[in-house]
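Visitor: any chance you can model this:
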Amino acid sequence: MTNQTKSSVISPIVTIGALFFIFGFVTWANSTLIPFLKLACGLKTDFEAFLVTFASYIAYFFLALPSSWILKKLGFKNGLVIGLIILGVGSLVFIPAASSRSFGLFLTGIFIQGAALSLLQTASNPYISIIGPIESAAKRMSIMGLCNKFAGIIVPIVMGTLFLKNASGIEAKINDVTTTVAEKEVLLAEVLGRVYMPYIVLAVVFVAFALFIKYSHLPEVDVDKEEVIEDEDAKTAKTSIFQFPHLFLGAFCIFVYVAAEVMAGDIIGVYGKELGISPDISKYFTTLTLTSMLVGYFIGIATIPKYITQQAALKICAILGVIFVCAAYFTDGYTSVIFVGLLGLANSLMWPAIFPLGIKGLGKFTKTGSAIMIMGIAGGAIWPLIYGYLKDYTGMHFQLAFFVSVLPCYLYIWFFAVSGHKIGKKA
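Guide: Numbers count the residues shown, from 1 in each chain. The predicted structure is shown next:
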(Lines give C-alpha, C1' and ligand atoms only; values in the text may rest on other atoms or scores of the structure.)
Protein backbone atom coordinates (compact mmCIF):
# COMPACT_ATOMS: atom_id res chain seq x y z
CA MET A 1 0.00 0.00 0.00
CA THR A 2 1.51 3.38 -1.04
CA ASN A 3 1.80 6.34 1.33
CA GLN A 4 -0.89 8.16 -0.64
CA THR A 5 -3.22 5.17 -0.38
CA LYS A 6 -2.52 4.85 3.34
CA SER A 7 -3.33 8.53 3.83
CA SER A 8 -6.59 8.19 1.92
CA VAL A 9 -7.59 5.28 4.18
CA ILE A 10 -6.47 6.74 7.53
CA SER A 11 -8.68 9.84 7.35
CA PRO A 12 -11.94 7.89 6.86
CA ILE A 13 -10.88 5.41 9.56
CA VAL A 14 -10.44 8.27 12.06
CA THR A 15 -13.85 9.71 11.17
CA ILE A 16 -15.62 6.35 11.37
CA GLY A 17 -13.72 5.66 14.60
CA ALA A 18 -15.29 8.78 16.10
CA LEU A 19 -18.68 7.45 15.01
CA PHE A 20 -18.01 4.13 16.73
CA PHE A 21 -17.18 6.08 19.90
CA ILE A 22 -20.62 7.70 19.63
CA PHE A 23 -22.25 4.29 19.03
CA GLY A 24 -20.59 3.00 22.18
CA PHE A 25 -21.53 5.97 24.31
CA VAL A 26 -25.21 5.85 23.37
CA THR A 27 -25.49 2.06 23.43
CA TRP A 28 -23.72 1.43 26.72
CA ALA A 29 -25.65 4.25 28.40
CA ASN A 30 -28.36 1.57 28.66
CA SER A 31 -26.43 -0.02 31.52
CA THR A 32 -27.02 3.16 33.53
CA LEU A 33 -30.52 3.86 32.22
CA ILE A 34 -31.82 0.45 33.37
CA PRO A 35 -31.36 1.07 37.12
CA PHE A 36 -31.94 4.81 36.73
CA LEU A 37 -35.35 4.47 35.08
CA LYS A 38 -36.35 1.64 37.40
CA LEU A 39 -35.76 4.05 40.29
CA ALA A 40 -37.03 7.26 38.71
CA CYS A 41 -40.15 5.77 37.09
CA GLY A 42 -41.04 3.47 39.98
CA LEU A 43 -40.80 0.21 38.03
CA LYS A 44 -41.57 -2.92 40.04
CA THR A 45 -39.44 -5.55 38.27
CA ASP A 46 -36.19 -5.85 36.34
CA PHE A 47 -38.24 -7.33 33.48
CA GLU A 48 -39.91 -3.92 33.06
CA ALA A 49 -36.56 -2.12 33.31
CA PHE A 50 -35.11 -4.39 30.60
CA LEU A 51 -37.56 -2.79 28.16
CA VAL A 52 -34.80 -0.17 27.91
CA THR A 53 -32.59 -2.64 26.05
CA PHE A 54 -35.61 -3.93 24.13
CA ALA A 55 -36.47 -0.45 22.82
CA SER A 56 -32.85 0.21 21.94
CA TYR A 57 -32.06 -3.01 20.09
CA ILE A 58 -35.40 -3.91 18.50
CA ALA A 59 -35.05 -0.79 16.37
CA TYR A 60 -32.28 -2.54 14.45
CA PHE A 61 -34.67 -5.29 13.33
CA PHE A 62 -37.23 -2.88 11.90
CA LEU A 63 -34.90 -0.18 10.59
CA ALA A 64 -31.95 -2.10 9.14
CA LEU A 65 -33.51 -2.84 5.72
CA PRO A 66 -35.05 0.65 5.36
CA SER A 67 -31.60 1.95 6.29
CA SER A 68 -30.16 -0.06 3.41
CA TRP A 69 -32.69 1.54 1.05
CA ILE A 70 -31.76 5.01 2.32
CA LEU A 71 -28.09 4.28 1.74
CA LYS A 72 -28.78 3.06 -1.80
CA LYS A 73 -30.66 6.28 -2.56
CA LEU A 74 -28.47 8.79 -0.73
CA GLY A 75 -25.10 7.09 -0.30
CA PHE A 76 -23.03 6.30 2.78
CA LYS A 77 -22.07 9.89 3.60
CA ASN A 78 -25.57 11.38 3.54
CA GLY A 79 -26.81 8.36 5.46
CA LEU A 80 -24.35 9.15 8.24
CA VAL A 81 -25.50 12.77 8.36
CA ILE A 82 -29.18 11.83 8.60
CA GLY A 83 -28.44 9.19 11.23
CA LEU A 84 -26.62 11.66 13.47
CA ILE A 85 -29.44 14.20 13.23
CA ILE A 86 -32.00 11.52 14.17
CA LEU A 87 -29.75 10.53 17.07
CA GLY A 88 -29.88 14.13 18.28
CA VAL A 89 -33.68 14.16 18.04
CA GLY A 90 -33.90 10.96 20.08
CA SER A 91 -31.71 12.54 22.76
CA LEU A 92 -33.97 15.59 22.99
CA VAL A 93 -37.02 13.36 23.60
CA PHE A 94 -35.49 12.59 27.01
CA ILE A 95 -36.29 16.16 28.11
CA PRO A 96 -40.13 15.93 27.94
CA ALA A 97 -39.88 12.33 29.15
CA ALA A 98 -38.15 13.49 32.32
CA SER A 99 -40.53 16.42 32.77
CA SER A 100 -43.59 14.15 32.58
CA ARG A 101 -41.92 11.16 34.30
CA SER A 102 -43.12 9.02 31.39
CA PHE A 103 -41.38 5.67 31.03
CA GLY A 104 -43.12 5.22 27.67
CA LEU A 105 -41.68 8.49 26.39
CA PHE A 106 -38.22 7.50 27.58
CA LEU A 107 -38.59 4.25 25.62
CA THR A 108 -39.67 6.28 22.57
CA GLY A 109 -36.51 8.37 22.77
CA ILE A 110 -34.40 5.24 23.19
CA PHE A 111 -36.12 3.62 20.18
CA ILE A 112 -35.43 6.71 18.05
CA GLN A 113 -31.79 6.54 19.09
CA GLY A 114 -31.75 2.85 18.19
CA ALA A 115 -33.21 3.66 14.77
CA ALA A 116 -30.49 6.24 14.22
CA LEU A 117 -27.80 3.79 15.28
CA SER A 118 -29.25 1.22 12.88
CA LEU A 119 -28.78 3.61 9.96
CA LEU A 120 -25.33 4.66 11.15
CA GLN A 121 -24.10 1.10 11.66
CA THR A 122 -25.61 -0.17 8.40
CA ALA A 123 -23.45 2.45 6.70
CA SER A 124 -20.28 2.35 8.76
CA ASN A 125 -19.73 -1.40 9.22
CA PRO A 126 -19.45 -2.33 5.53
CA TYR A 127 -17.65 0.96 4.90
CA ILE A 128 -14.82 0.06 7.25
CA SER A 129 -14.76 -3.53 5.91
CA ILE A 130 -14.59 -2.51 2.24
CA ILE A 131 -12.30 0.52 2.43
CA GLY A 132 -9.27 -1.79 2.63
CA PRO A 133 -8.37 -5.43 1.91
CA ILE A 134 -11.02 -7.88 3.17
CA GLU A 135 -8.21 -9.98 4.72
CA SER A 136 -7.47 -7.20 7.22
CA ALA A 137 -11.12 -6.21 7.72
CA ALA A 138 -11.16 -7.83 11.16
CA LYS A 139 -8.17 -5.72 12.18
CA ARG A 140 -9.89 -2.50 11.09
CA MET A 141 -13.08 -3.61 12.82
CA SER A 142 -11.01 -4.24 15.96
CA ILE A 143 -9.75 -0.66 15.81
CA MET A 144 -13.36 0.50 15.56
CA GLY A 145 -14.15 -1.76 18.49
CA LEU A 146 -11.49 0.01 20.54
CA CYS A 147 -13.28 3.30 19.97
CA ASN A 148 -16.66 1.74 20.78
CA LYS A 149 -15.52 -0.04 23.91
CA PHE A 150 -13.47 2.91 25.16
CA ALA A 151 -16.72 4.87 25.15
CA GLY A 152 -18.34 1.94 26.92
CA ILE A 153 -15.72 2.12 29.68
CA ILE A 154 -16.29 5.84 30.17
CA VAL A 155 -20.09 6.01 30.03
CA PRO A 156 -20.91 3.96 33.18
CA ILE A 157 -18.48 6.14 35.15
CA VAL A 158 -19.79 9.44 33.77
CA MET A 159 -23.49 8.57 33.53
CA GLY A 160 -23.43 6.45 36.68
CA THR A 161 -21.93 9.33 38.66
CA LEU A 162 -24.43 11.84 37.25
CA PHE A 163 -27.61 9.75 37.19
CA LEU A 164 -27.14 7.28 40.06
CA LYS A 165 -25.51 9.49 42.69
CA ASN A 166 -26.58 8.19 46.13
CA ALA A 167 -28.94 5.71 44.43
CA SER A 168 -28.98 3.41 47.46
CA GLY A 169 -29.93 6.23 49.82
CA ILE A 170 -32.64 7.56 47.51
CA GLU A 171 -34.10 4.08 46.97
CA ALA A 172 -34.16 3.46 50.72
CA LYS A 173 -35.82 6.84 51.35
CA ILE A 174 -38.51 6.20 48.71
CA ASN A 175 -39.25 2.74 50.11
CA ASP A 176 -39.35 4.03 53.68
CA VAL A 177 -42.96 3.90 54.90
CA THR A 178 -42.41 7.13 56.85
CA THR A 179 -41.59 9.10 53.70
CA THR A 180 -44.57 11.22 52.63
CA VAL A 181 -45.89 11.38 49.07
CA ALA A 182 -44.72 14.99 48.79
CA GLU A 183 -41.20 14.03 49.88
CA LYS A 184 -41.13 11.21 47.32
CA GLU A 185 -42.19 13.65 44.59
CA VAL A 186 -39.36 16.00 45.49
CA LEU A 187 -36.84 13.15 45.44
CA LEU A 188 -38.02 11.82 42.07
CA ALA A 189 -38.08 15.31 40.55
CA GLU A 190 -34.46 15.80 41.63
CA VAL A 191 -33.45 12.44 40.16
CA LEU A 192 -35.19 13.05 36.83
CA GLY A 193 -33.72 16.55 36.63
CA ARG A 194 -30.31 14.93 36.19
CA VAL A 195 -31.30 14.00 32.62
CA TYR A 196 -31.65 17.49 31.14
CA MET A 197 -28.14 18.87 30.68
CA PRO A 198 -26.36 15.64 29.61
CA TYR A 199 -28.87 14.88 26.84
CA ILE A 200 -29.00 18.46 25.60
CA VAL A 201 -25.20 18.39 25.32
CA LEU A 202 -25.32 15.04 23.51
CA ALA A 203 -27.88 16.37 21.01
CA VAL A 204 -25.66 19.37 20.23
CA VAL A 205 -22.60 17.13 19.77
CA PHE A 206 -24.46 14.79 17.40
CA VAL A 207 -25.73 17.60 15.18
CA ALA A 208 -22.31 19.28 15.15
CA PHE A 209 -20.67 16.03 14.03
CA ALA A 210 -23.33 15.63 11.33
CA LEU A 211 -22.34 19.04 9.95
CA PHE A 212 -18.67 18.05 10.09
CA ILE A 213 -19.32 14.91 8.03
CA LYS A 214 -21.55 16.82 5.60
CA TYR A 215 -18.70 19.15 4.66
CA SER A 216 -15.85 16.65 5.01
CA HIS A 217 -14.09 14.80 2.19
CA LEU A 218 -15.21 11.36 3.32
CA PRO A 219 -14.98 9.19 0.16
CA GLU A 220 -18.00 7.26 -1.08
CA VAL A 221 -17.61 3.49 -1.51
CA ASP A 222 -19.96 2.28 -4.23
CA VAL A 223 -20.22 -1.45 -3.69
CA ASP A 224 -23.08 -1.65 -6.18
CA LYS A 225 -20.53 -1.33 -8.97
CA GLU A 226 -18.65 -4.42 -7.85
CA GLU A 227 -19.09 -7.60 -9.88
CA VAL A 228 -21.15 -10.39 -8.40
CA ILE A 229 -19.03 -13.30 -7.17
CA GLU A 230 -19.45 -16.55 -9.04
CA ASP A 231 -20.72 -19.59 -7.20
CA GLU A 232 -17.69 -21.86 -6.84
CA ASP A 233 -19.80 -25.01 -7.16
CA ALA A 234 -22.24 -24.18 -9.94
CA LYS A 235 -20.02 -21.65 -11.73
CA THR A 236 -23.00 -19.37 -12.32
CA ALA A 237 -23.33 -15.75 -11.25
CA LYS A 238 -25.40 -15.25 -8.12
CA THR A 239 -28.43 -13.05 -8.65
CA SER A 240 -30.19 -13.08 -5.27
CA ILE A 241 -29.27 -12.33 -1.68
CA PHE A 242 -30.86 -15.67 -0.75
CA GLN A 243 -28.07 -17.50 -2.60
CA PHE A 244 -25.67 -16.65 0.24
CA PRO A 245 -26.62 -18.98 3.15
CA HIS A 246 -23.52 -17.96 5.10
CA LEU A 247 -25.00 -14.45 5.30
CA PHE A 248 -28.13 -15.60 7.15
CA LEU A 249 -26.18 -17.91 9.42
CA GLY A 250 -23.91 -14.95 10.12
CA ALA A 251 -26.89 -12.72 10.88
CA PHE A 252 -28.15 -15.22 13.47
CA CYS A 253 -24.62 -15.41 14.85
CA ILE A 254 -24.72 -11.63 15.30
CA PHE A 255 -28.14 -12.11 16.96
CA VAL A 256 -26.82 -14.45 19.66
CA TYR A 257 -23.50 -12.62 19.98
CA VAL A 258 -25.19 -9.28 20.72
CA ALA A 259 -27.51 -11.10 23.12
CA ALA A 260 -24.47 -12.39 25.02
CA GLU A 261 -22.74 -9.01 24.87
CA VAL A 262 -25.75 -7.16 26.28
CA MET A 263 -26.17 -9.74 29.03
CA ALA A 264 -22.52 -9.30 30.02
CA GLY A 265 -22.49 -5.51 29.67
CA ASP A 266 -25.90 -4.02 30.40
CA ILE A 267 -27.17 -6.67 32.81
CA ILE A 268 -24.03 -7.13 34.94
CA GLY A 269 -25.10 -4.31 37.28
CA VAL A 270 -28.45 -5.99 37.95
CA TYR A 271 -26.62 -9.31 38.34
CA GLY A 272 -24.33 -7.77 40.94
CA LYS A 273 -27.24 -6.25 42.83
CA GLU A 274 -28.91 -9.69 42.92
CA LEU A 275 -25.73 -10.95 44.61
CA GLY A 276 -26.29 -8.39 47.36
CA ILE A 277 -23.78 -5.82 46.14
CA SER A 278 -24.75 -2.16 46.68
CA PRO A 279 -26.07 -0.28 43.60
CA ASP A 280 -23.53 2.44 44.39
CA ILE A 281 -20.86 -0.13 43.48
CA SER A 282 -22.66 -2.30 40.91
CA LYS A 283 -23.41 0.74 38.71
CA TYR A 284 -19.76 0.66 37.63
CA PHE A 285 -19.61 -3.06 36.76
CA THR A 286 -20.20 -2.42 33.05
CA THR A 287 -16.79 -0.77 33.03
CA LEU A 288 -15.30 -4.14 34.06
CA THR A 289 -16.93 -5.87 31.08
CA LEU A 290 -15.89 -3.17 28.63
CA THR A 291 -12.33 -3.05 29.97
CA SER A 292 -11.95 -6.78 29.36
CA MET A 293 -13.37 -6.24 25.86
CA LEU A 294 -10.81 -3.51 25.27
CA VAL A 295 -8.02 -5.91 26.22
CA GLY A 296 -9.42 -8.40 23.72
CA TYR A 297 -9.47 -5.79 20.97
CA PHE A 298 -5.79 -5.03 21.53
CA ILE A 299 -5.11 -8.75 21.27
CA GLY A 300 -7.08 -8.86 18.02
CA ILE A 301 -5.21 -5.94 16.51
CA ALA A 302 -1.88 -7.58 17.35
CA THR A 303 -2.73 -11.10 16.17
CA ILE A 304 -5.31 -10.92 13.32
CA PRO A 305 -4.54 -11.82 10.57
CA LYS A 306 -0.77 -12.04 11.21
CA TYR A 307 -0.87 -15.00 13.61
CA ILE A 308 -4.44 -16.31 13.64
CA THR A 309 -7.36 -16.18 11.23
CA GLN A 310 -10.76 -14.61 11.84
CA GLN A 311 -12.30 -18.08 12.16
CA ALA A 312 -9.68 -19.24 14.68
CA ALA A 313 -10.23 -16.14 16.82
CA LEU A 314 -13.97 -16.79 16.78
CA LYS A 315 -13.49 -20.41 17.89
CA ILE A 316 -11.26 -19.37 20.79
CA CYS A 317 -13.68 -16.65 21.89
CA ALA A 318 -16.67 -19.02 21.80
CA ILE A 319 -14.83 -21.57 23.97
CA LEU A 320 -13.84 -18.84 26.44
CA GLY A 321 -17.48 -17.76 26.59
CA VAL A 322 -18.60 -21.27 27.54
CA ILE A 323 -15.91 -21.48 30.24
CA PHE A 324 -16.72 -18.08 31.77
CA VAL A 325 -20.50 -18.67 31.79
CA CYS A 326 -19.99 -21.96 33.62
CA ALA A 327 -17.55 -20.33 36.05
CA ALA A 328 -19.99 -17.49 36.80
CA TYR A 329 -22.71 -20.01 37.61
CA PHE A 330 -20.59 -22.15 39.93
CA THR A 331 -19.14 -19.22 41.91
CA ASP A 332 -20.63 -16.46 44.06
CA GLY A 333 -20.16 -12.84 45.08
CA TYR A 334 -17.51 -10.71 43.41
CA THR A 335 -15.91 -13.82 41.88
CA SER A 336 -19.08 -14.52 39.92
CA VAL A 337 -19.26 -10.87 38.83
CA ILE A 338 -15.65 -11.03 37.63
CA PHE A 339 -16.42 -14.04 35.43
CA VAL A 340 -19.44 -12.23 33.95
CA GLY A 341 -17.15 -9.26 33.32
CA LEU A 342 -14.60 -11.57 31.66
CA LEU A 343 -17.26 -12.43 29.10
CA GLY A 344 -16.21 -9.09 27.64
CA LEU A 345 -12.88 -10.70 26.76
CA ALA A 346 -14.69 -13.64 25.15
CA ASN A 347 -16.95 -11.26 23.22
CA SER A 348 -14.22 -8.87 22.13
CA LEU A 349 -13.20 -10.45 18.83
CA MET A 350 -16.61 -11.77 17.83
CA TRP A 351 -18.10 -8.80 16.01
CA PRO A 352 -14.93 -8.03 14.01
CA ALA A 353 -14.74 -11.71 13.00
CA ILE A 354 -18.43 -12.46 12.39
CA PHE A 355 -19.29 -9.37 10.33
CA PRO A 356 -16.61 -9.73 7.61
CA LEU A 357 -17.28 -13.49 7.41
CA GLY A 358 -21.00 -12.81 6.97
CA ILE A 359 -20.67 -10.24 4.17
CA LYS A 360 -17.66 -11.80 2.43
CA GLY A 361 -18.21 -12.23 -1.30
CA LEU A 362 -21.58 -10.45 -1.49
CA GLY A 363 -20.44 -7.99 -4.15
CA LYS A 364 -23.33 -5.73 -5.20
CA PHE A 365 -25.47 -7.24 -2.42
CA THR A 366 -23.15 -5.88 0.28
CA LYS A 367 -25.44 -3.04 1.41
CA THR A 368 -28.48 -5.32 1.70
CA GLY A 369 -26.39 -8.05 3.28
CA SER A 370 -25.01 -5.58 5.78
CA ALA A 371 -28.56 -4.55 6.68
CA ILE A 372 -29.53 -8.18 7.29
CA MET A 373 -26.48 -8.60 9.51
CA ILE A 374 -27.43 -5.43 11.39
CA MET A 375 -30.93 -6.84 11.94
CA GLY A 376 -29.24 -9.48 14.06
CA ILE A 377 -28.47 -6.83 16.67
CA ALA A 378 -32.09 -7.33 17.77
CA GLY A 379 -30.76 -10.22 19.85
CA GLY A 380 -29.90 -7.58 22.42
CA ALA A 381 -33.61 -6.76 22.67
CA ILE A 382 -34.82 -10.30 23.32
CA TRP A 383 -32.30 -11.92 25.67
CA PRO A 384 -32.57 -9.53 28.66
CA LEU A 385 -36.35 -10.01 28.60
CA ILE A 386 -35.90 -13.80 28.58
CA TYR A 387 -33.55 -13.49 31.54
CA GLY A 388 -35.88 -11.07 33.34
CA TYR A 389 -38.90 -13.30 32.76
CA LEU A 390 -37.10 -16.40 34.02
CA LYS A 391 -35.93 -14.80 37.26
CA ASP A 392 -38.90 -12.49 37.97
CA TYR A 393 -41.87 -14.62 36.93
CA THR A 394 -40.83 -18.30 37.04
CA GLY A 395 -38.98 -18.29 40.34
CA MET A 396 -35.76 -19.51 38.71
CA HIS A 397 -32.62 -18.48 40.58
CA PHE A 398 -31.02 -15.52 38.82
CA GLN A 399 -27.67 -17.31 38.30
CA LEU A 400 -29.37 -20.32 36.73
CA ALA A 401 -31.47 -17.99 34.57
CA PHE A 402 -28.27 -16.30 33.37
CA PHE A 403 -26.63 -19.67 32.69
CA VAL A 404 -29.46 -21.21 30.65
CA SER A 405 -30.06 -18.03 28.64
CA VAL A 406 -26.44 -17.20 27.76
CA LEU A 407 -24.70 -20.59 27.32
CA PRO A 408 -26.58 -21.50 24.08
CA CYS A 409 -25.36 -18.25 22.52
CA TYR A 410 -21.72 -19.29 22.76
CA LEU A 411 -22.45 -22.81 21.55
CA TYR A 412 -24.01 -21.44 18.33
CA ILE A 413 -21.14 -18.99 17.84
CA TRP A 414 -18.75 -21.95 18.07
CA PHE A 415 -20.77 -23.77 15.39
CA PHE A 416 -20.62 -20.75 13.06
CA ALA A 417 -16.87 -20.44 13.61
CA VAL A 418 -16.25 -24.12 12.90
CA SER A 419 -18.56 -24.77 9.95
CA GLY A 420 -21.45 -22.31 9.67
CA HIS A 421 -19.50 -19.66 7.77
CA LYS A 422 -18.51 -22.28 5.14
CA ILE A 423 -22.06 -23.38 4.27
CA GLY A 424 -22.91 -22.56 0.66
CA LYS A 425 -19.25 -22.32 -0.31
CA LYS A 426 -16.98 -24.84 -1.97
CA ALA A 427 -15.28 -27.11 0.57
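
Visitor: run through this structure and note the low-pLDDT ranges.
Guide: Flagging of the chain using pLDDT under 70 yields the residue ranges 1-8, 132-136, 138, 221-237, 425-427.

Visitor: mind listing what the residue located most distally from the centre of it touches?
Guide: Ranked by distance from the centre of the chain (CA atoms, centre = their mean), the top residue is residue 178, with 41.5 Å. Applying CB atoms under 8 Å, 6 or more residues apart in numbering to residue 178 gives no contacts. For every residue, glycine as well, the C-beta is placed using N, CA and C.

Visitor: wait, a strand at it?
Guide: No. Residue 178 is assigned coil when assessed by DSSP: H, G, I helix; E, B strand; the rest coil, not a strand.

Visitor: where does it fall, phi/psi-wise?
Guide: phi -90, psi -10 (degrees, to the nearest 10).

Visitor: how far away is residue 338 from residue 272?
Guide: When distance is defined by CB to CB, to the nearest Å, residue 338 is 10 Å away from residue 272.

Visitor: have a look at those two and say which one is more surrounded.
Guide: residue 272 (25 against 16; other CB atoms under 10 Å).

Visitor: are we agreed that the more buried one is in a helix?
Guide: Yes. With three-state DSSP as the criterion, residue 272 is part of a helix.

Visitor: for it, which non-adjacent residue is closest in space?
Guide: residue 282 (3.6 Å; CB to CB, 6 or more residues apart in numbering).

Visitor: pretty sure that neighbour sits against residue 269.
Guide: Yes. Residue 282 lies in contact with residue 269 (CB atoms under 8 Å); the separation is 4.6 Å.

Visitor: what's the neighbour count on residue 375?
Guide: Around residue 375 there are 23 residues (other CB under 10 Å).

Visitor: looks like it contacts residue 65 (just checking).
Guide: Yes. Shown here, residue 375 and residue 65 form a contact pair, counting by CB under 8 Å, at 7.1 Å.

Visitor: what's the end-to-end length of stretch 355-368?
Guide: Using CA to CA, to the nearest Å, the span of stretch 355-368 from its first residue to its last is 13 Å.

Visitor: off-centre distance for that stretch?
Guide: 20 Å (CA atoms, centre = their mean, to the nearest Å).

Visitor: and what of stretch 418-427?
Guide: Distance, stretch centre to chain centre, for stretch 418-427: 26 Å (CA atoms, centre = their mean).

Visitor: again, but for stretch 11-23
Guide: 15 Å.

Visitor: ok, and what's touching that stretch?
Guide: Contacts for stretch 11-23 (CB under 8 Å, 6+ apart): 80, 84, 87, 117, 120-121, 124, 127-128, 131, 140, 143-148, 150-151, 206, 209, 213, 216-219.

Visitor: drop anything exposed from these.
Guide: Buried residues within these, counting neighbours by 16 or more other CB atoms under 10 Å: 80, 84, 87, 117, 120-121, 124, 127-128, 131, 140, 143-148, 150-151, 206, 209, 213, 218.

Visitor: in helices, which of those residues fall?
Guide: 80, 84, 87, 117, 120-121, 124, 127-128, 140, 143-148, 150-151, 206, 209, 213 (DSSP state H).

Visitor: could you give the number of residues near the residue nearest to residue 117 when sequence neighbours are not counted?
Guide: Closest residue in space to residue 117, ignoring its immediate chain neighbours: residue 23 at 5.9 Å, by CB to CB, 6+ apart. Look at residue 23: counted by other CB under 10 Å, it has 22 neighbours.

Visitor: gap between residue 23 and residue 401?
Guide: 28 Å.

Visitor: what sits against residue 48?
Guide: Per CB under 8 Å, 6+ apart, neighbours of residue 48: 38, 103.

Visitor: what about it, which helix or strand?
Guide: helix 46-49 (DSSP states H and E).

Visitor: same question, residue 253
Guide: Per DSSP H and E, the secondary structure element for residue 253 is helix 245-265.

Visitor: so residue 43, which of the three states?
Guide: coil.

Visitor: rewinding a little: may I see the buried residues of the helix holding residue 253?
Guide: For helix 245-265, using 16+ other CB under 10 Å, the buried residues are 246-265.

Visitor: got a list of what residue 210 touches?
Guide: When contacts are counted by CB under 8 Å, 6+ apart, residue 210 is found next to 80-82, 84-85, 88.

Visitor: how far away is the closest residue to it other than its chain neighbours from residue 126?
Guide: Of all residues not flanking residue 210 in the chain, residue 84 sits nearest, at 3.7 Å (CB to CB, 6+ apart). Residue 84 is 18 Å from residue 126, where distance means CB to CB.

Visitor: ok, now residue 66?
Guide: Distance from residue 66 to residue 126, by CB to CB: 16 Å.

Visitor: these two: which is more packed in?
Guide: More crowded of residue 66 and residue 126, by other CB under 10 Å: residue 126, with 27 against 14.

Visitor: find the nearest non-adjacent residue to that one, please.
Guide: residue 370 is the one closest to residue 126 (CB to CB, 6+ apart), at 4.2 Å.

Visitor: surely that neighbour and residue 124 touch.
Guide: No. Counting by CB under 8 Å, residue 370 sits too far from residue 124 to count as a contact (9.5 Å).

Visitor: all strands of the stretch 151-300 of the chain, in order?
Guide: Counting by DSSP state E, counting those that start in this stretch, the stretch 151-300 of the chain has no strands to list.

Visitor: burial measure for residue 175, as a count.
Guide: 9.

Visitor: ignore what I typed, I meant residue 182.
Guide: 8.

Visitor: against residue 189, how distant is it?
Guide: 11 Å.

Visitor: same question, residue 401
Guide: From residue 401 to residue 189 the distance is 35 Å (CB to CB).
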